[in-house]
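K.L.:
Provided below are the primary sequence and the corresponding predicted coordinates.
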Amino acid sequence: MKKLVFLAPVYLFIISGCKTSSQENTPVKQYTIEQLYDNKNISSVAFNSDESKILVDANVSGIYNLYELNISDTSMVPLTQSKKESFFGVDYLPGTKKFIYSADQGGNENSHLYLQTPGDTTTKDLTPWPGSTNSFFKWSNDKKLFFVNSNHRNPKFFDLWKMDTSNWKPVLFYQNDSALDPGVLSSTNRYLTLTKSITTDKNELYLFDLSTKRISRLSNDNEAVWTPVAFEKNDSILYYITNDGNEFSYLVKYNIHSGKSEKLFSTDWDVSWMDLSKNEKYRTIFINEDGKNKVLLFDHATGTPVDFPQIPDADIQSIFISESEKNMALSVGSSKSPNNIYVYNFENKQLKQLTQCLNSEVNSNDLVSAQVIRFQSFDGREIPSILYKPINATKDNKMPAMLWIHGGPGGQSRIGFSNDIQYLVNHGYAVLAVNNRGSSGYGKTFYKLDNKDHGNGDLKDCIWGKKWLQTQDYIDTSKIGIEGGSYGGCMVLSALAFYPEEFKAGVDYFGVANWLRTLRSIPPYWESFRKALYEEMGDPNTGDSVMLKNTSPLFNYQKINKPLIVFQGLNDVRVLPIESQEIVAGVKKNGVPVVYVTYADEGHGFLKKQNKIDASKKTVLFLDEYLKGIKQ
């Protein structure tokens, strides 16, 4: 389930990939943020009809545009030339070279779907409904029409609309008046799964028979999350993921005709996704294993494991199998490399790397591998975290450090490449990304520990993360700061307000400052999730308002006495700009150094490369002055 995708301690830790003494003595080249951001971010979208090319998104131009990646010679031809908005690919229009993409305006999250022909700069808005949010849902089996998830009829709820590609006229397919979220649709378009949020730890799963209008509840009353993932093409089998009666999520096979279900796959980590190839030759299962993806491939009919191509030090972010089931595209990265696109041919078993996304000016040996560590928090609970230790950090060459707090609540810091983290580490800062209680990926008990306790136990986990850093002989214990975005930004502000002597400086990216206002002003299309969110965070319209006010940094700004830098997108609809404006104004009254940076063309999270460069550069300049003591 999503969340607002916003004693002397004894330390237990597990570390992999530690640096040797020879590595510590190796000279490390320092890179500019421009060099690191000259890496490419590329995501694969779809194979073309003859499977000779792949439609991809890439930020080569500074914002995301669409390109066609040629498998034979790895050349990449631009298909769009946007200078202002980021475009994200959906698919090719079947039987043509035309393609569909998604874009919003300046980060306002009102995404529309557009159709364009290569070589033609004119586009057709397929969802020309002002103020609406629209997303591609799926193709019909014959690919003559597709379905769109849209809230244009009612801003609070998402309906399914059927779009015939012969005339582009939308027809209402499923009208949502019950705060239900469409899940997956069967290949014959007869069955639709629906989910209903109860809390952030519990939802309900329904199967809707559109031919008979009969709706059946598949979930029970237990505290569990149910996520539908796929139908078999004969309309007899539904697959879903749940953690019902279990600490971790597992895969279930449900027979629609008999009503019987069986556990198909489970492990000691969360099964995060499952997919079937077009003709059901292959089944793919993703596992969230300690902050890194593990991917398993099976012959679907027999359940026999299929040999998967081995890529050293790989974290596979996504895969999709072509319609012929002969080829597979993979997006693969690591903590030292941005994601690269590979293609694997099942027939000749050849794996080919199509992109090289790390800037050729950057030597990967100068970057650091993420290390999984665990420390014990204030109550003895083990807290998983990701450590980035500078290569040359030693007891004789101590480094300042930053805690890195993910968004959410309910998010997870994972092993993967980050320009911003590598830039910090390359410029002499250790980074500890804390997966505080309430983070996903570590079981449902851990996940719900922060319910109506935000700013308490989860914040203390961050404080104890700092204490763990202070036990490391390569850390300058007097120079530790804290950084985070969205909910992580709120944690930064809370740390500075409620533990004003713990951190020497704070970096806040669009963090919540006033929970009362944020919870009352969530976007209308979150209506189906509103009650669940209030159940976890607190209802601002009830007695919970006292608790929410007491835990909001804005009402405690007088206690903040350490330097702060705040970044904000002015089109943010989740954490409104006034949140940052008011906390900045308040802290300035304390006579504390405050830097406020805004971007007029960004929303919740920054997409434009130049803005990211600017923010990262300003962050390090700020930390150099207020952590390292280097005057600008």
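P.N.:
That came in fine, so what should we check first?

K.L.:
how about residue 520, phi and psi?
P.N.:
Here is the backbone geometry of residue 520 (degrees, to the nearest 10): phi -80, psi -20.

K.L.:
any idea how far residue 526 is from it?
P.N.:
From residue 520 across to residue 526, the span is 12 Å (C-beta to C-beta, to the nearest Å). All C-beta atoms are positioned from the backbone trio N, CA, C, and that covers glycine.

K.L.:
more neighbours, those two?
P.N.:
Using other C-beta atoms under 10 Å, the more surrounded residue of residue 520 and residue 526 is residue 526, with 17 against 12.

K.L.:
skipping adjacent residues, who's closest to that one in space?
P.N.:
Distance criterion C-beta to C-beta, 6 or more residues apart in numbering; nearest residue to residue 526, sequence neighbours excluded, is residue 533 at 7.3 Å.

K.L.:
now the one you found, what's its secondary structure?
P.N.:
Assigned by DSSP: H, G, I helix; E, B strand; the rest coil, the conformation of residue 533 is helix.

K.L.:
please apply the same query to residue 325.
P.N.:
Per three-state DSSP, residue 325 ends up coil.

K.L.:
repeat that for residue 35.
P.N.:
helix.

K.L.:
residue contacts, it?
P.N.:
359, 361-362 (C-beta atoms under 8 Å, 6 or more residues apart in numbering).

K.L.:
so which of those residues wins on neighbours?
P.N.:
Sorting these by how many neighbours each has (other C-beta under 10 Å) puts residue 362 first, at 19 neighbours.

K.L.:
any idea how far residue 128 is from it?
P.N.:
Residue 362 sits at a distance of 43 Å from residue 128 (criterion: C-beta to C-beta).

K.L.:
what's the answer for residue 368, then?
P.N.:
Between residue 368 and residue 128 the distance is 47 Å, computed by C-beta to C-beta.

K.L.:
show me which of these two is the more surrounded one.
P.N.:
Ranked by neighbour count (other C-beta under 10 Å), residue 368 and residue 128 place residue 368 first, with 25 against 13.

K.L.:
quick check: the more buried one is in a strand.
P.N.:
No: according to three-state DSSP, the state of residue 368 is coil, so it is not within a strand.

K.L.:
show me the contacts for it.
P.N.:
Neighbour list for residue 368: 335-336, 388-391, 422, 425 [criterion: C-beta under 8 Å, 6+ apart].

K.L.:
which residues touch residue 275?
P.N.:
Applying C-beta under 8 Å, 6+ apart, we find residue 275 in contact with 229-230, 283-284, 320.

K.L.:
look through the protein and tell me its longest strand.
P.N.:
Criterion DSSP state E: the longest strand present in the chain is strand 475-485.

K.L.:
quick check: buried residues in that one?
P.N.:
Residues of strand 475-485 classed as buried by neighbour count (16 or more other C-beta atoms under 10 Å): 475-476, 479-485.

K.L.:
among these, which two are most distant?
P.N.:
Farthest pair in the buried residues of strand 475-485 (C-beta to C-beta) is 476 and 485. Separation: 24.7 Å.

K.L.:
give me the phi and psi for residue 423.
P.N.:
The phi/psi pair for residue 423 (degrees, to the nearest 10) is phi -70, psi -40.

K.L.:
just for the protein, where's the confidence low?
P.N.:
Applying pLDDT under 70 to the chain picks out residues 1-26.

K.L.:
need the helices for it, in chain order.
P.N.:
In the chain, the helices defined using DSSP state H lie at 21-24, 33-36, 419-426, 444-447, 457-470, 487-498, 515-520, 527-537, 544-550, 577-589, 609-626.

K.L.:
hey, which of these is tucked in deepest?
P.N.:
Of the helices of the chain, the one with the most neighbours on average (mean count of other C-beta atoms under 10 Å) is helix 487-498, at a mean of 28.

K.L.:
hey, C-alpha coordinates of stretch 428-441 in CSV?
P.N.:
Taking Å, rounded to 0.1, in the frame of the first residue of the first chain, the C-alpha atoms of stretch 428-441 are listed here in CSV:
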residue,chain,number,x,y,z
GLY,A,428,34.1,14.2,1.5
TYR,A,429,30.9,13.4,3.3
ALA,A,430,29.9,10.0,4.5
VAL,A,431,26.2,9.3,4.0
LEU,A,432,23.9,7.0,6.1
ALA,A,433,20.5,6.4,4.5
VAL,A,434,18.3,5.3,7.4
ASN,A,435,15.3,3.0,6.9
ASN,A,436,13.6,4.1,10.1
ARG,A,437,10.6,2.2,11.5
GLY,A,438,7.7,2.5,9.2
SER,A,439,9.8,1.9,6.2
SER,A,440,8.6,-0.7,3.7
GLY,A,441,10.5,-3.9,2.8
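
K.L.:
check the offset of it from the chain's centre.
P.N.:
Relative to its parent chain, stretch 428-441 has a centroid offset of 14 Å by C-alpha atoms, centre = their mean, to the nearest Å.

K.L.:
do the same with stretch 193-212
P.N.:
Between the centre of stretch 193-212 and the centre of its chain there are 23 Å (C-alpha atoms, centre = their mean).

K.L.:
please renumber so the chain begins at 793
P.N.:
Renumbered: residue one is now 793, and that last one reads stretch 985-1004.

K.L.:
can you pull the buried residues of that stretch?
P.N.:
Residues of stretch 985-1004 classed as buried by neighbour count (16+ other C-beta under 10 Å): 985-1000, 1002.

K.L.:
repeat that for stretch 1168-1181.
P.N.:
Within stretch 1168-1181, the residues that count as buried by 16+ other C-beta under 10 Å are 1168-1169, 1175-1181.

K.L.:
got those residues as a markdown table, with distance to residue 819 columns?
P.N.:
Below are those laid out as a markdown table (distance: C-beta to C-beta, whole Å):
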| residue | distance to residue 819 |
| --- | --- |
| 1168 | 36 |
| 1169 | 37 |
| 1175 | 34 |
| 1176 | 32 |
| 1177 | 28 |
| 1178 | 25 |
| 1179 | 22 |
| 1180 | 19 |
| 1181 | 17 |
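
K.L.:
which one of these is nearest to residue 1052?
P.N.:
Closest approach to residue 1052 among the buried residues of stretch 1168-1181 (C-beta to C-beta): residue 1176, at 36.6 Å.

K.L.:
out of the buried residues of stretch 1168-1181, list just those in strands.
P.N.:
1168, 1175-1180.

K.L.:
can you name the two of those residues that are farthest apart?
P.N.:
Most distant of those, by C-beta to C-beta, are 1168 and 1180, 20.8 Å apart.

K.L.:
wait, residue 873 touches residue 911, no?
P.N.:
No: the pair residue 873 / residue 911 is not scored as a contact, 10.8 Å apart, by C-beta atoms under 8 Å.

K.L.:
still on that earlier bit, which one of the contacts of residue 827 is nearest to residue 850?
P.N.:
Closest to residue 850, out of all of those and judged by C-beta to C-beta, is residue 1151, at 13.9 Å.

K.L.:
now the closest one: closest residue in space, sequence neighbours ignored.
P.N.:
residue 830 (4.3 Å).

K.L.:
got the phi and psi for the one you found?
P.N.:
Main-chain torsions, residue 830, degrees, to the nearest 10: phi -80, psi 0.

K.L.:
how close does the residue positioned nearest the centre of the chain sit to residue 1130?
P.N.:
The chain has residue 1203 as the residue nearest its centroid, 7.6 Å off, counting by C-alpha atoms, centre = their mean. To residue 1130, residue 1203 is 20 Å away according to C-beta to C-beta.

K.L.:
what do you get for residue 1122?
P.N.:
The value you get for residue 1122 to residue 1130, if C-beta to C-beta is used, is 14 Å.

K.L.:
again with residue 875
P.N.:
For residue 875, the distance to residue 1130 - C-beta to C-beta - is 23 Å.

K.L.:
who has more neighbours, these two?
P.N.:
residue 1130 (22 against 8).

K.L.:
not counting its neighbours along the chain, what's nearest the more buried one?
P.N.:
residue 1149 (4.1 Å).
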